[in-house]
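*Asks:* just the structure for this:
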Amino acid sequence: MRLPEDIKLSRKLLKVIFSEALRGKSLGRTLMNYCLFEFELTGDVIDLGSGSERASYYRFLKFNEPYNLTFSDYYKAGADIIKLDLEKTFPLEHDSFDCVMCFNVLEHVYSFENVVKESYRILKKGGLFIGSTPFLQSFHPDPHDYFRYSHESLLKIFEAENYVCLRMVYLGFGPFSLSLAHWVTLVPRVLKPWPVLPCLFLDILFNKFFSSSRMKYPLGYVFAFQKLDN
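*Replies:* The predicted model follows:
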């Protein structure tokens, strides 16, 4: 079973954590967005369940010309939004997209296998499915909240549909920042960045003395799977 990558602490990451906390973003969302710095997308791209490019991850993703971005949602309407029921067959052509994006959506879909299968169908050969899911996060219906996925379950779900895993990234550092991610939502926005450094320092110490517990406290995962055949 493939082990996930972890995120290395750096000055750049700390700067992002602080600035995103001031925007009111959770640590899990910030780490997800930070991972997306590394992706450069081009061609025909569809964003499942997004509604629009107002989502915070659009400040981190890179798009190279030529590209065409399609938004989809079931509950939001707009001239540039396709109404898509993720639990049914997508009304989209086979082999029509170079990339499917699906960030923090799978936990809200009961028939998640349909999303994975239909995305494979609409992807071109060599196309990417890039997504994320929370793991240790509070109940957050939108309008429902059904599942939490480990990296092991994600690998089995996607590989069952013949995807090949390119990336699997563990979002988190340890039990202290995990606890921070939950209770800091009660703190005024201007104070959110300040507990971060102590919690990260404690996680560094914890992982040093309890190395067997490394990667046991995920806030979530970012992943990229590829379709290699038609």
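*Asks:* which strand or helix spans residue 152?
*Replies:* helix 151-159 (DSSP states H and E).
*Asks:* now do residue 71
*Replies:* Using DSSP H and E, the secondary-structure element containing residue 71 is strand 62-73.
*Asks:* who are the packing partners of the helix ranked longest in the chain?
*Replies:* Secondary structure of the chain read by DSSP state H shows that its longest helix is helix 196-209. Under the contact definition 3 or more CB pairs under 8 Å, 6 or more residues apart in numbering; DSSP states H and E, helix 196-209 sits against helix 11-22, helix 175-183. For every residue, glycine as well, the C-beta is placed using N, CA and C.
*Asks:* again, only this time at 10 Å
*Replies:* Judged by 3 or more CB pairs under 10 Å, 6 or more residues apart in numbering; DSSP states H and E, the packing partners of helix 196-209 are helix 11-22, helix 27-35, helix 175-183.
*Asks:* quick one: contacts for the nearest residue to residue 137 once chain neighbours are set aside?
*Replies:* Computed as CB to CB, 6 or more residues apart in numbering, the closest residue to residue 137 that is not its neighbour in sequence is residue 28, at 6.4 Å. For residue 28, the contacting residues are 104, 132, 134-137, 171-172, 177-178, 181-182, 218-220, by CB atoms under 10 Å, 6 or more residues apart in numbering.
*Asks:* go with 8 Å
*Replies:* 134, 137, 171, 172, 181, 219, 220 (CB atoms under 8 Å, 6 or more residues apart in numbering).
*Asks:* in strands only, show me the residues you listed.
*Replies:* Secondary-structure check on these using DSSP state E: residues within strands are 134, 171, 220.
*Asks:* closest to residue 9 among those residues?
*Replies:* Here the nearest of these to residue 9, counting by CB to CB, is residue 171; it sits at 13.0 Å.
*Asks:* before we move on, the earlier item: out of the ones in strands among the contacts of residue 28, who's nearest residue 3?
*Replies:* Using CB to CB, residue 171 comes nearest to residue 3 of those, at 14.3 Å.
*Asks:* for that closest one, give me its contacts.
*Replies:* For residue 171, counting by CB under 8 Å, 6+ apart, the contacting residues are 7, 28, 31, 32, 35, 132, 135, 218, 219, 220, 221, 222.
*Asks:* coming back round to it: quick one: which of the helices and strands packed on helix 196-209 is nearest residue 119?
*Replies:* Taking CB to CB, helix 27-35 is the member of the helices and strands packed on helix 196-209 nearest to residue 119, at 18.7 Å.
*Asks:* may I ask which helix or strand of the protein has the lowest mean pLDDT?
*Replies:* Between all helices and strands in the chain, the lowest mean by mean pLDDT, DSSP states H and E belongs to helix 175-183, at a mean of 85.
*Asks:* for that one, what is the distance to the chain centroid?
*Replies:* Averaged C-alpha coordinates place helix 175-183 at 18 Å from its chain's average position (CA atoms, centre = their mean, to the nearest Å).
*Asks:* in it, what's buried?
*Replies:* For helix 175-183, a neighbour-count test (16 or more other CB atoms under 10 Å) marks 175, 176, 177, 178, 180, 181 as buried.
*Asks:* tell me what that helix is packed against?
*Replies:* In this structure, helix 175-183 packs against helix 27-35, helix 196-209, with contacts taken as 3+ CB pairs under 8 Å, 6+ apart.
*Asks:* how close does the residue nearest to the spatial centre of the chain get to residue 66?
*Replies:* Against the mean C-alpha coordinate of the chain, by CA atoms, centre = their mean, the closest residue is residue 132 at 2.1 Å. According to CB to CB, to the nearest Å, residue 132 stands 26 Å off from residue 66.
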